[in-house]
Each structure stands twice: as structure tokens, then as C-alpha cells.
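> Just the structure for this:
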Amino acid sequence: METKAMQRRLAAILAADVVGYSRLMRGDEVGTLQALKAHRGELVDPAIRTHRGRIVKTTGDGALVEFASVVDAVGCAIAVQRGMLSRNADVPDDQRIVFRIGINVGDIIIDGDDIFGDGVNIAARLEGLCEPGGVCISRAANEQIRDKLSLAFADMGERTVKNISRAIGVFGLGCKEIEALPAPELTALAGEEESTARDGGAPYRCEQDVHFCTTADGVQLAYSRIGSGPPLVKTGNWMTHLEFDLESPIWRGLYRELSRDNTLIRYDARGNGLSDRDIEEVTQEVFVSDLEAVVDAAGLERFALFGISQGCAISVEYAVRHPQRVSHLVLFGGFAVGSAKRARSEAEKEQAAAMLTLMRLGWGQENPAFRQLFTSQFVPGATKEQADWFNELQRISTSPADAVRNRIATSNFDVRPLLARVSVPTLVLHAREDAVVPFEQGRRLAAGIPGARFVSLPSRNHLILEDEPAFPRFLQEIRSFVAA
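A predicted model of the protein is given here:
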């Protein structure tokens with residue numbers, strides 16, 4: 001029972017409180033409570049329902065609300081603050097109930113009906129930084145709404161707040177700016193985002209069912225199902241988040257297309273996304289065992305297996321262990337031997353050590369300057385929107401300690417002795433100018449697998465993006481191979 005109760009997910013969190021609540025209660029306790037009850041019943045609660053929120057808890061002067069979309073959370077906040085302007089119009093200044101609202105998007109821990117974690121704490125701290133009648137949002141929230149809502153939140157810089165180890169980027173919208181907003185325009189924008197999602201265009205939000213399973217060593221892994229058709233399992237790799245990825249311009253196009261013809265099964269590897277974090281045991285062996293746990297929990301007998309990057313080595317070992325269960329093996333951007341086991345110069349070894357140090361020190365910081373180093377390697381051809389999303393994915397998907405453990409483990413992968421034993425049909429794809437995993441590693445991977453077909457893609461990106469010329473061929477090769 002305890003195992004099922006606590007889970008993780010990505011969510012937008014809204015924290016609100018009443019400015020000067022103690023003073024109002026001292027002046028007129030009964031009148032204040034009656035007015036607050038009326039505001040909640042007639043304005044606040046209906047706005048939350050309209051924007052598909054869930055009230056997690058209320059206090060005497062505040063509330064904590066969870067939303068699946070940060071656009072909904074911001075829309076709700078603006079609706080409440082605009083509504084309070086008109087409701088307070090004829091109320092004396094010293095009797096007015098005025099809200100402050102803070103919004104953050106991040107990873108939360110769910111325990112029964114309650115929620116915890118930094119994602120919640122940051123929202124509460126943002127509310128404390130907010131001016132009366134205004135809305136404050138985090139940098140992560142601002143990056144997600146800025147191309148979807150015509151709202152110009154002012155950059156208030158980075159702030160150090162209580163009980164949060166890193167500085168947080170703060171963006172604010174004051175009472176005067178909210179009053180000047182055209183309400184119909186805001187409503188139309190929120191509706192446009194929702195309808196676009198239903199129609200399958202960007203921003204894409206496909207329906208998925210998220211489940212959890214427990215590995216042999218007691219780690220909880222999150223996995224999901226999308227689409228319908230023959231099962232296609234994507235092996236877990238680092239820097240993933242089942243929910244965040246579906247909105248990301250990095251991944252949403254690929255997942256949307258693959259789930260048109262298949263039931264796509266994805267999972268967050270240990271230490272990533274919605275799966276358990278801070279896991280010390282991270283090795284090639286346990287990663288393969290985790291894949292076994294997921295496919296067994298999903299009830300799959302036979303399926304196509306899709307590995308990306310370090311997921312390729314895990315997929316190879318699984319296919320050798322269970323050839324009767326794998327119908328097709330697709331490997332993209334992968335390697336048979338990790339970087340630590342390849343012959344390298346002293347300069348390369350020093351660079352690898354320096355990168356681990358930078359990861360320990362800079363990975364979890366609110367300022368994305370350090371993470372941009374990784375983004376420029378993984379997706380050098382990204383647009384600004386794509387780069388911003390990938391920067392944020394790194395922070396949301398895994399902690400600095402988990403990122404370091406994962407990098408050390410994957411750099412020591414070695415499936416070279418297994419390649420000749422792969423007996424299932426195999427397709428290997430690799431970007432020609434991949435800066436993360438050299439093209440030569442993909443070529444050697446394909447050369448070692450009997451009968452494997454090798455496809456080189458004209459791209460600089462380690463992850464093929466949906467708006468680049470290589471994407472249609474990338475997708476068509478996978479579709480044709482899996483359907484054969």
C-alpha cells in the first residue's frame with residue numbers, strides 16, 4: 001500500500017494567500033470570513049474548475065492548487081485577480097481582500113491527496129515575493145507560456161529564498177498590468193492552445209496512461225502507454241520525463257508519429273523523470289533488469305524494441321537475453337562501448353573529468369548557462385524554443401547526483417561481446433555529424449550485428465528534431481522497418 005501511495009509527476013502548482021489576513025481578522029473576524037467564503041464560492045473555486053485545477057489544500061487565508069498545464073494555472077490566476085478587482089471596487093481599502101499568487105512548474109511528490117517537493121515549495125516562495133493583486137511565476141513557468149499567451153511578465157531577476165538550495169528566476173505581473181489585460185484575448189489564447197493540442201498540432205499534448213512497477217531491487221519505475229497498434233517499446237535513457245517530454249518540441253513530434261501506428265511504451269529510467277530518484281545502484285546490469293521489469297509489468301509477450309543513445313546498449317543485451325520476445329530492434333545514436341572504455345587521449349580524459357565536475361556543481365542551478373553546454377552538444381541545430389526546452393528538461397528530469405551517476409555508468413557500458421549474438425532483425429541509424437556519440441561508433445555497432453541495416457542521417461543533432469530535413473527519413477525508416 002505504501003509503495004502505491006507515493007508517486008512523482010510534473011505539474012504546475014499555484015499557491016495563493018490573502019494580503020494582511022491577520023489585520024483583517026482583528027478588524028472584523030466574522031465579516032472577513034464571510035467575504036472570503038463568498039469570493040471562494042463565487043469566483044476562486046469556479047475559476048479553478050474552469051481551468052481544470054485540483055485544490056490540494058486550503059488554509060485560513062490561502063490555497064494550494066495543482067494543474068496539469070501551466071497555461072491553465074496562469075489563466076486561472078489572471079481570472080481570479082481580474083475578478084477581485086471588480087469585486088473590491090466598492091469596498092473600503094482597509095476591508096478589501098487581496099490575493100498574492102505564485103506559480104511554478106516542476107516535479108512533485110504525491111502522497112495520497114497531498115503533494116510535496118521543491119516544485120511546491122518554490123510556488124509558495126514566489127507567492128511571498130508577489131505584490132498585492134499580482135502574479136509571480138518561476139523561470140520554468142515563464143519559458144513554457146511565453147509563446148502561448150500574450151502576457152509580458154517582467155523579469156525580476158534571480159532571488160535566494162528560504163529552504164531552496166538554489167537561486168530561482170522570478171517573473172512578475174503587477175496589479176495594474178493585470179487590470180489592463182483584455183480578458184477576451186486571454187480566454188481565446190488559452191482556448192487556442194487546448195484546441196491545437198486536440199487537433200494534433202503544436203503544442204502537442206497526447207493522451208497517455210502512466211503506471212508504476214517495482215524492480216527486483218525495489219526501485220519504482222514510471223512507464224506509459226500512448227496510441228494503439230503493435231507494441232513498440234522505447235528503452236529508457238537518461239534525461240527523460242514522461243509528462244514533460246510530451247509537451248517538448250524535442251520529443252513530441254517523434255512520439256506523436258510513432259504512436260499513430262503503434263502502442264508506444266516508454267519509461268523513465270531510474271534516477272529520471274517520474275521514476276525513483278537518488279538511486280545509488282546504476283549499472284548496465286540493472287538497466288537491463290529494469291527493462292525486463294517494465295515489459296513484464298506491461299504484459300507484453302512480443303514487441304519491437306527501440307533504443308536511443310545509451311539505450312542502444314541496453315536494448316542489445318535485452319535482445320540477446322530474450323530473442324523470442326523482440327520482433328525488431330531499432331538502434332539510434334548508440335554505441336557498443338562507452339567512452340571510458342574507448343582508447344582516448346589524455347586531453348579527452350581530462351575533458352571528461354572536467355565535465356563531471358561541472359555537472360556536480362552546475363546541473364541543478366536555476367540559471368541555464370551551464371546546461372546550455374550540453375544543449376549545444378546534443379542539439380546544436382535547435383531553435384531557441386527547442387534549446388530552452390532542452391535546458392529545462394535537464395533540470396527537471398534528473399538531479400546533479402543522478403546525472404553524474406548515470407554518466408559514469410553509461411561511459412562504462414560494453415556490449416561488444418554480445419553483438420554477434422543478436423539474432424533479431426536490426427536497424428541502426430546515426431547522425432553523420434553527431435557531437436555526442438561519434439558517427440564511427442554507430443558504424444561499428446551496425447557492423448558487429450549480423451545482417452543489421454545501417455542508415456546515416458544528414459544531421460548535426462544527437463536527437464533528430466521534427467523540423468529538420470532528416471526527420472521524415474528518420475521516421476519513415478523506423479516505420480517501414482517495424483511494419484515489415
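> Now do the same for Glu385: helix, strand or coil?
The three-state label for Glu385, taken from DSSP: H, G, I helix; E, B strand; the rest coil, comes out as helix.
> shouldn't it be in contact with Pro249?
Yes. Using Cβ atoms under 8 Å, Glu385 makes contact with Pro249 at a distance of 5.7 Å. In this view, the C-beta of every residue, glycine as well, is placed from N, C-alpha and C.
> So those two - more neighbours on which side?
Neighbours per residue (other Cβ atoms under 10 Å) separate Glu385 from Pro249, with Pro249 holding more: 21 against 15.
> Could you find the closest non-adjacent residue to the spatially most central residue of the chain?
Closest to where the C-alpha atoms of the chain average out (Cα atoms, centre = their mean) is Phe244, at 2.7 Å. Leaving aside its chain neighbours, Phe244 sits nearest to Leu10 (4.9 Å; criterion: Cβ to Cβ, 6 or more residues apart in numbering).
> Identify the neighbouring strands of the helix or strand containing that neighbour in the sheet and state each direction.
Per DSSP states H and E, Leu10 falls inside strand 6-18. On the basis of DSSP bridges, the sheet neighbours of strand 6-18 come out as strand 62-67 (antiparallel), strand 99-111 (antiparallel).
> Name the stretch among the ones you listed that sits most buried.
Most buried of the strands paired with strand 6-18 by mean neighbour count (mean count of other Cβ atoms under 10 Å) is strand 99-111; its value is a mean of 23.
> Quick one: mean pLDDT over that one.
What strand 99-111 shows for mean pLDDT is 89.
> continuing past it, what's the next helix or strand?
Downstream of strand 99-111 (by DSSP H and E), the next one is strand 114-116.
> Quick check: the residue nearest to the centre of the chain vs Gly119, distance?
Applying Cβ to Cβ, to the nearest Å, the value for Phe244 to Gly119 is 12 Å.
> do Glu292 as well
31 Å.
> out of the two, which sits in the busier spot?
Higher neighbour count among Glu292 and Gly119: Gly119, with 24 against 16, using other Cβ under 10 Å.
> Packing partners of the helix or strand encompassing the more buried one?
Element membership for Gly119 (DSSP H and E) is helix 118-129. For helix 118-129, the packing partners by 3 or more Cβ pairs under 8 Å, 6 or more residues apart in numbering; DSSP states H and E come out as strand 6-18, strand 62-67, strand 99-111, strand 135-138, strand 168-173.
> Out of those, which is closest to Arg453?
strand 6-18 (36.5 Å; Cβ to Cβ).
> Check the offset of that closest one from the chain's centre.
15 Å (Cα atoms, centre = their mean, to the nearest Å).
> List of residues touching the helix or strand following it?
Proceeding C-terminally, strand 6-18 gives way to helix 21-27 as the next helix or strand, assigned by DSSP H and E. Contacts made with helix 21-27 from outside it, assessed by Cβ atoms under 8 Å, 6 or more residues apart in numbering, are listed as 18, 32-33, 60-61, 94-95, 97.
> Good, we can wrap up now.
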